[in-house]
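S.K.: A structural model of the following input is requested.
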Amino acid sequence: MIPVKKWAQICVIVSICSFALDRVYHRTRKKKNKGIPLPPGPPPLPIVGNVTTINKGAPWLTYTEWGVAYGDLVYTRFFNEELILVNSLELTRALFDQHSNLYSDRPPMATYTLYV
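M.R.: Sure thing, here's the model as predicted:
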């Protein structure tokens, strides 16, 4: 059995390492997106993002509120998933109907080339 003092030291070391890795992860992500501006959105909390601000019973109401506050395109983060919400029918049609060739792509499948 590990003594209490040793256990406390291990917990402190693990906490410091976790915090350091989190900082490095976020710094590298900001460098990747530096050239691409993201739409506005609610400020995320560390690690969990905007999960705590979502109405669990009716999440579309939260998305609608964000659309009113931040515009038709809203950037949000849930844990490590980044999302861009589209809050208007006109913009949705413009992005996904008129420019669908830019946004709807499938990854290459090795089995597809066998049959073509």
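
S.K.: alpha carbons only for contacts and neighbour counts from here, please
M.R.: Will do.

S.K.: tell me where the chain has helices.
M.R.: Assigned by DSSP state H, the helices in the chain fall at 4-32, 59-70, 89-93, 100-103, 110-115.

S.K.: out of the ones you listed, the one nearest Pro40 is which?
M.R.: Counting by Cα to Cα, Pro40 lies closest to helix 59-70 out of the helices of the chain; the figure is 5.9 Å.

S.K.: may I have the closest one exported as CSV, CA atoms only?
M.R.: Extracted as CSV, the C-alpha positions of helix 59-70 are listed here (Å, rounded to 0.1, in the frame of the first residue of the first chain):
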residue,chain,number,x,y,z
PRO,A,59,-30.7,22.0,-27.2
TRP,A,60,-32.2,23.7,-30.3
LEU,A,61,-33.4,26.6,-28.0
THR,A,62,-29.8,27.2,-26.9
TYR,A,63,-28.6,27.1,-30.5
THR,A,64,-31.3,29.6,-31.4
GLU,A,65,-30.2,32.0,-28.6
TRP,A,66,-26.6,31.7,-29.7
GLY,A,67,-27.8,32.5,-33.3
VAL,A,68,-29.5,35.7,-32.1
ALA,A,69,-26.4,36.7,-30.0
TYR,A,70,-23.6,35.7,-32.3
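
S.K.: just name the most buried of the helices of the chain.
M.R.: Across the helices of the chain, averaging neighbours per residue (mean count of other Cα atoms under 10 Å) puts helix 59-70 on top, at a mean of 15.

S.K.: so how far is it from its chain's centroid?
M.R.: 16 Å (Cα atoms, centre = their mean, to the nearest Å).

S.K.: likewise stretch 75-85?
M.R.: Average the C-alpha atoms of stretch 75-85, do the same for its chain, and the two points are 3 Å apart (Cα atoms, centre = their mean).
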